[in-house]
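1. just the structure for this:
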Amino acid sequence: MNCNGFFVTMTIWHLPTDNDRPKYIALADHIATLIQENKLKAGEKLPPQRRLADTLEVTTGTITRAYAEAEKRGIVSSRVGSGTYVSQKEKKYSSYWSSYFPEEGAVDFSNSFAPIGPQESVLHEALQSLSSQPDYLHKLLHYTPERGYPHQREKFSTWLKEENLPSEQENCFFTQSGQHGLFTALQAMTTAGDTVICEALTFPGLKMACDSLSLKCVGLRFDEQGICIEALEAACKQYHPKVIYLMPQSNNPTTAQIPLERRKQIIEVCRRHRIFILEDDVQVLPKKYKLPAMVSLAPEITFHISSFSKRLSGGIRLGFAIVPNAYRTQFQLALRANQWTISSLPVELFTYWCESGCMTTQDKWLETLMDERWTVAKDILKNHEIQYQPGGFNLWIHLPESWSALRVEQVARQHGLILRAGDHYLVGGNAFGYHGIRLCISQPKTTEQMAEGLRQLVTILEQESFAPEQIL
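-> Okay, here's the model as predicted:
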């Protein structure tokens, strides 16, 4: 680097004044922010430690620890004899997301899939019923309105009321899936270059959608009750975001639920700063454990998306979106742009299951099964710090800060257990103390298989060493 280039690089460095963080952590956070803001680019070399220490008026040891912390987060990498460099962006997505099919014999805790029970018989029943109505089968072969046919809209509206969600038919659209709804909502309310903010551990599908739409995605500080209001206020002033993405009922991966009072505080900030709320309600949670949805509290600024993949089956590709009055046309145009319309068959299957009572039966079966699994899981993991929502699919296990969650994931896989480190969900390089692994206890085929896998995991956690591997 020439002298002028080095001077330009050095001008972006400062030590954030934050008394509640060690200096090396504050500097590692600053590195992550510079990378997010594209002030440090992939492959760029960081300043020599001694020179940066002189610039910031700290010890060389502080810089060494900050660089080591940034490397632990995967945002920089050190090269012996050469220095420390910003990691290549093409590595941002783990190969973990390339396949949903684990190796034979493994116990899979990695995917938040619906367990299969009554669905096969109710699908058989529904298809038999539809096949006996040739006139209606002919109708299903035609293009379907985005809101469904009148009888489908009426049944869907009734179901939404039962779920304590806004049910105005003109504001409700069917989508191909929850991810399709997420992508379409972002298309409808943003333009390239806009900023989307979220919790620093969040659903990777958001990051993929933002990259596809050329949106900047910024992860914010959060705690056991969700996104922090102070961090939200600061982000509004710094980034001027267009959208905040939230999973208020149960965050994926941490399972944190945002309390009602904090939801109201978030809404107040969003209204004041003219920010849209993108509410993701895809994760399963029994109705008795849910709090009022953001879309019920602030319908004029909230896009609510969900799907039936978790409570029914991932193979039934059907989701829905509830959109603000002012954005119905934009959402419809975005839907047309990326898919034109949806298949009527999944919508009709859902309609039939509602009319026949199968949806209610499925919900009761799923709640009973998950209650059983949670009773077993909590007992096996009683000596570990865990976080969960009763009746939900996901479980978060907190790990010691000195451990590598990716190393836990790797060793577990060697023992035939598939799970996910929190690193896969990270936005911006700082998880703000949330260091752990996510398990989905709905995915094992039986409760017995789940229990066997959890006992094996406990043995691994108690007997193995999970210090980060040294790269020489």
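
2. please make it C-alpha for all contacts and neighbour counts, starting now.
-> Will do.

3. hey, where'd the helices end up in the stretch 251-400 of the chain?
-> 260-273, 294-297, 328-338, 344-356, 358-380 (DSSP state H, counting those that start in this stretch).

4. can you check which of the ones you listed gets nearest to Thr191?
-> Closest of the helices of the stretch 251-400 of the chain to Thr191 is helix 328-338, at 12.0 Å (criterion: CA to CA).

5. pLDDT (mean, whole number) over that closest one?
-> Averaged across helix 328-338, pLDDT comes to 92.

6. okay if I get the helices of the stretch 251-400 of the chain as a markdown table plus mean neighbour count and distance to Glu448?
-> Shown next, in a markdown table, are the helices of the stretch 251-400 of the chain (neighbours: other CA atoms under 10 Å; distance: least, CA to CA, whole Å):
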| stretch | mean neighbour count | distance to Glu448 |
| --- | --- | --- |
| helix 260-273 | 16 | 36 |
| helix 294-297 | 19 | 37 |
| helix 328-338 | 17 | 43 |
| helix 344-356 | 19 | 30 |
| helix 358-380 | 16 | 9 |
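
7. among those helices, which is nearest Asp54?
-> Taking CA to CA, helix 260-273 is the member of the helices of the stretch 251-400 of the chain nearest to Asp54, at 39.2 Å.

8. can I get the helices of the stretch 251-400 of the chain in JSON lines with distance to Leu186?
-> Formatted as JSON lines, the helices of the stretch 251-400 of the chain follow (distance: least, CA to CA, whole Å):
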{"stretch": "helix 260-273", "distance to Leu186": "16"}
{"stretch": "helix 294-297", "distance to Leu186": "16"}
{"stretch": "helix 328-338", "distance to Leu186": "9"}
{"stretch": "helix 344-356", "distance to Leu186": "23"}
{"stretch": "helix 358-380", "distance to Leu186": "30"}
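
9. and the strands in the stretch 351-472 of the chain, which stretches?
-> Applying DSSP state E, counting those that start in this stretch to the stretch 351-472 of the chain gives strands spanning 386-388, 394-398, 417-418, 420-421, 436-440.

10. each with direction, which strands does the first one pair with?
-> Strands flanking strand 386-388 in the sheet, each with its direction: strand 394-398 (antiparallel) (DSSP bridges).

11. what do you get for the third one?
-> Sheet partners assigned to strand 417-418 using DSSP bridges are listed as strand 107-108 (parallel).

12. helices or strands next to the helix or strand hosting His151 in the packing?
-> His151 belongs to helix 150-162 when assigned by DSSP states H and E. Using 3 or more CA pairs under 8 Å, 6 or more residues apart in numbering; DSSP states H and E, the elements in contact with helix 150-162 are helix 344-356.

13. three-state assignment of Tyr85?
-> strand (DSSP: H, G, I helix; E, B strand; the rest coil).

14. so what's the closest residue in space to it that isn't next to it in sequence up against?
-> For Tyr85, ignoring the flanking residues on the chain, the nearest one in space by CA to CA, 6 or more residues apart in numbering is Lys45 at 4.3 Å. Neighbour list for Lys45: 83-86 [criterion: CA atoms under 8 Å, 6 or more residues apart in numbering].

15. filter these to the buried ones?
-> Buried members of those, counted by 16 or more other CA atoms under 10 Å: 84-86.

16. save those residues as CSV, and put in pLDDT too.
-> Listed next are the buried ones among the contacts of Lys45 as CSV, based on pLDDT from 0 to 100:
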residue, pLDDT
Thr84, 90
Tyr85, 88
Val86, 88
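
17. of these, closest to Thr446?
-> Nearest to Thr446 among the buried ones among the contacts of Lys45: Val86, at 44.0 Å, using CA to CA.

18. might one say that that closest one is in contact with Glu44?
-> Yes - because the distance of 5.5 Å satisfies CA atoms under 8 Å, Val86 is recorded as touching Glu44.

19. as CSV, the strands of the stretch 351-472 of the chain with mean neighbour count would be great.
-> Shown next, in CSV, are the strands of the stretch 351-472 of the chain (neighbours: other CA atoms under 10 Å):
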stretch, mean neighbour count
strand 386-388, 18
strand 394-398, 23
strand 417-418, 22
strand 420-421, 24
strand 436-440, 24
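
20. turn those into JSON lines, columns for mean pLDDT.
-> Below are these laid out as JSON lines (pLDDT from 0 to 100):
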{"stretch": "strand 386-388", "mean pLDDT": "95"}
{"stretch": "strand 394-398", "mean pLDDT": "96"}
{"stretch": "strand 417-418", "mean pLDDT": "94"}
{"stretch": "strand 420-421", "mean pLDDT": "93"}
{"stretch": "strand 436-440", "mean pLDDT": "96"}
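
21. any chance of TSV for the ones you listed, columns distance to Glu409?
-> Shown next, in TSV, are these (distance: least, CA to CA, whole Å):
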stretch	distance to Glu409
strand 386-388	16
strand 394-398	12
strand 417-418	7
strand 420-421	6
strand 436-440	8
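
22. out of those, the one nearest Ser167 is which?
-> Ser167 sits nearest to strand 394-398 of all these, at 28.3 Å, using CA to CA.

23. what sits up against that closest one?
-> For strand 394-398, contacts defined as CA under 8 Å, 6+ apart pick out 112, 252-255, 384-389, 434-442.
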